[in-house]
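The following comprises the amino acid sequence and a computationally predicted model.
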Amino acid sequence: MGKGKSAKRIMFGILSITTTIGVWLISHWGSAVMALPPPEDIPEEILRTEIIIDARSPIDGKPVSAAEYAELQAQLQIAPPPELNTKLRQTVFLLRIRKALLQFFPFLGI
């Protein structure tokens, strides 16, 4: 009876040690690789100081130069775009509410 218990204890000890070593190896397997960003990635500090000279039109989203963008902004301040019909604006508002509700309650969609 003493031999059986000691054999079980030895097997349990070996199993626990190998499991501990296995878990430790798996948890540290790719940590050295994931710690650094890719070398082609531009640091955020440099991106914050970069001057953006390209812009997009607020009307149709097409790319425009900085001078064209400033001219377009001046024109929009003088003559703002016409407002939508009240009924159409309310319909768009309700569609946006529906879209937001469907994100929280997807089972409500047909």
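Thanks, I have it. Numbers count the residues shown, from 1 in each chain.

Domain boundaries for the protein, per the record?
According to automatic domain parsing, the chain is divided into the following domains: 2-29, 51-108.

so which of these gets nearest L36?
With distances scored as CB to CB, the stretch of the domains of the chain nearest to L36 is domain 2-29 (15.5 Å). (Glycine included, C-beta is placed from N, CA and C.)

Next secondary structure element downstream of the worst-scoring helix or strand of the chain on mean pLDDT?
Taking all helices and strands of the chain together, the one with the lowest average confidence (mean pLDDT, DSSP states H and E) is helix 31-34, at a mean of 59. Next helix or strand after helix 31-34 toward the C-terminus (DSSP states H and E): helix 44-49.

Would you mind checking the average pLDDT for that next one?
Looking at helix 44-49 alone, the average pLDDT works out to 83.

Would you mark the buried spots in it?
By 16 or more other CB atoms under 10 Å, helix 44-49 has no buried positions at all.

Can you spell out which helices and strands pack onto the longest helix along the chain?
Residue-count comparison of every helix in the chain, with assignments taken from DSSP state H, identifies helix 2-27 as the longest. Counting contacts by 3 or more CB pairs under 8 Å, 6 or more residues apart in numbering; DSSP states H and E, helix 2-27 packs against no other helix or strand.

Determine how far that helix lies from the middle of the whole chain.
When C-alpha coordinates are averaged (CA atoms, centre = their mean, to the nearest Å), helix 2-27 and its chain have centres 42 Å apart.

what mean pLDDT does it have?
On average, the pLDDT along helix 2-27 is 87.

thinking again about what came up before, turn the domains of the chain into a markdown table, including distance to L36 and mean neighbour count.
As requested, the domains of the chain are exported to a markdown table (distance: least, CB to CB, whole Å; neighbours: other CB atoms under 10 Å):
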| stretch | distance to L36 | mean neighbour count |
| --- | --- | --- |
| domain 2-29 | 15 | 10 |
| domain 51-108 | 27 | 10 |
